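Chemist: predicted model, plus sequence, below.
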Protein chains: 2
Amino acid sequence: MVKRPADPANGSAPAARQVPMRDFSRSLPMSLLRAREAVMRQFRPSLREHGLTEQQWRILRALAAIEAVEVTELARTAFLLGPSLSRILRDLEARNLVERKTAKADQRRSMVSISKEGVKLMASVAPTSEAIYAEITRRFGARKLAELQEMLGALEQSLAELGASEEASAEE
Amino acid sequence: MVKRPADPANGSAPAARQVPMRDFSRSLPMSLLRAREAVMRQFRPSLREHGLTEQQWRILRALAAIEAVEVTELARTAFLLGPSLSRILRDLEARNLVERKTAKADQRRSMVSISKEGVKLMASVAPTSEAIYAEITRRFGARKLAELQEMLGALEQSLAELGASEEASAEE
DNA sequence: CGCATTCACTTAACATGTTAAGTATCTCCC
DNA sequence: GGGAGATACTTAACATGTTAAGTGAATGCG
């Protein structure tokens, strides 16, 4: 039933394979993608029942902990790009889940906060969400989970500087 | 400079917070998302220079190892949903990077394979890609990397069964 | 055989990811 | 104080993610 990708007898291989790439399915990006999908698959149905997407939920959660934030900082917190956040805030504002007012001191900035309705919605979603998280923790093991998170953080750290040194290859 | 999310003195908190959610930024989905983004940020520029997106590259890599596959199996391998794959294949075919022909035995199925041009393109991208992967491995440590991948796989396993048992809450 | 089901995709519709441009506001420095 | 440059978003354009519906081809079963 399992169709293996013809790994043996590749003898008459198509010449150009000088650099035999790692088995694709075991690359780090794929591992991370699959793991994340496995996790999110658990949450999506519940969020969907409440009319929220994953990203909208991220924004509400980020807002719940504070009084108000600038859009840019919210983008950093919720790990969304500016354009995505712009669109989502427009929609969340239309649904009265968040509020927005331009900062007095700087007309460019706008301060975003969660509305009462937003808080209410969160309260209705949070229990299920926490239950799912608890079940995941139970299945995988709290200690292993903490370990995993630590490694993920370390990985981020390892690559943080790498991304910043983008000179020397001036493309334009 | 660091604007902490007002965690103390939440005394006059907005009532509805019966379920105090974990610190948002430390949730598993966020950790996975950030880690993956940190990794992909390294690859994207190189792929872009070759006119490929991350997903297109995934498809080519998946195809490189085999003679031909059905679309459905390719979707599983490259971890893409059917609709995404449909669109991307249409484009890759237009660019002559992949080829497609309907299976003789079953007119519904179409077999996809990488073209000569596709192989050539891969050969031109692979070296850089492997170099980046090597650098990531060097920075993070080969052993830690293997450990991380193992944990990610275990996490997937833990949640695999959970997702399958979707009865008992018949929504429709 | 005939027809309802299932299967393997493809289209459609809407939301987000990603990069580049655009717009309004602010800052700084001459 | 005025204009160049930096900032904080927002729009635009294209690609993908996600779910639902559509289409044509096989299958199963009476």
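Modeler: That came in fine, so what should we check first? Numbers count the residues shown, from 1 in each chain, chains lettered A, B, ... in the order given.
Chemist: how much does the one helix or strand A:Arg44 maps to deviate in direction from helix B:28-49?
Modeler: Following DSSP states H and E, one finds A:Arg44 within helix A:28-49. Angle between the axes of helix A:28-49 and helix B:28-49 is 130 degrees (criterion: axes from the mean of the first three to the mean of the last three Cα atoms, to 10 degrees).
Chemist: briefly note if helix A:28-49 comes near DNA strand C.
Modeler: No: using Cβ under 7 Å from any atom of the strand, we find that helix A:28-49 stays clear of DNA strand C, coming within 10.6 Å at best. Yep, even glycine has a C-beta here, placed from its N, CA and C like the rest.
Chemist: show me what that helix is packed up against.
Modeler: If you count contacts as 3 or more Cβ pairs under 8 Å, 6 or more residues apart in numbering or on different chains; DSSP states H and E, helix A:28-49 packs onto helix A:54-64, helix A:116-140, helix B:28-49, helix B:142-164.
Chemist: need phi/psi at the nearest residue to A:Thr102 once chain neighbours are set aside.
Modeler: Spatially, and ignoring its direct neighbours in sequence, A:Thr102 is nearest to A:Ser110 (4.9 Å; Cβ to Cβ, 6 or more residues apart in numbering or on different chains). The phi and psi torsions at A:Ser110 (degrees, to the nearest 10) take the values phi -130, psi 140.
Chemist: what score does the nearest residue to A:Leu148 once chain neighbours are set aside have for pLDDT?
Modeler: Using Cβ to Cβ, 6+ apart and skipping residues adjacent in sequence, the residue nearest A:Leu148 is B:Met151, 4.9 Å away. Listed pLDDT for B:Met151 reads 96.
Chemist: equivalent analysis for A:Val19, please.
Modeler: Listed pLDDT for A:Val19 reads 52.
Chemist: check the one 10 residues further on too.
Modeler: According to the per-residue confidence, A:Pro29 scores 94 in pLDDT.
Chemist: cool, the one 4 residues further on as well?
Modeler: Per-residue pLDDT puts A:Leu33 at 95.
Chemist: residue contacts, the residue nearest to A:Thr102?
Modeler: A:Glu70, A:Val71, A:Arg100, A:Lys101, A:Thr102, A:Ala103 (Cβ atoms under 8 Å, 6 or more residues apart in numbering or on different chains).
Chemist: residue contacts, the fifth one?
Modeler: Each residue near A:Thr102 by Cβ under 8 Å, 6+ apart is listed here: A:Arg109, A:Ser110, A:Met111.
Chemist: now it: phi and psi?
Modeler: Dihedral angles for A:Thr102 - degrees, to the nearest 10 - are phi -70, psi 140.
Chemist: which among the contacts of A:Thr102 gets closest to B:Leu81?
Modeler: B:Leu81 has its nearest neighbour among the contacts of A:Thr102 in A:Ser110, at 35.0 Å by Cβ to Cβ.
Chemist: what about the closest one, distance to B:Gln157?
Modeler: 45 Å (Cβ to Cβ, to the nearest Å).
Chemist: report the central residue of chain A.
Modeler: A:Phe79 (6.4 Å; Cα atoms, centre = their mean).
Chemist: relative to chain B, how far out is that residue?
Modeler: For A:Phe79, the distance to chain B (Cβ to the nearest Cβ, to the nearest Å) stands at 6 Å.
Chemist: low pLDDT regions in chain A?
Modeler: Counting by pLDDT under 70, the ranges of chain A that qualify are A:1-21, A:162-172.
Chemist: which parts of chain A sit against DNA strand D?
Modeler: Selection of chain A residues close to DNA strand D by Cβ under 7 Å from any atom of the strand yields A:37, A:40, A:44, A:48, A:70-73, A:82-83, A:85-87, A:89-90, A:106, A:108-110.
Chemist: quick one, what contacts the nearest residue to A:Ala160 once chain neighbours are set aside?
Modeler: Excluding the flanking residues, the one nearest A:Ala160 by Cβ to Cβ, 6+ apart is B:Ala38, at 7.1 Å. Applying Cβ under 8 Å, 6+ apart, one finds that B:Ala38 lies in contact with A:Leu155, A:Glu156, A:Leu159, A:Ala160, A:Gly163.
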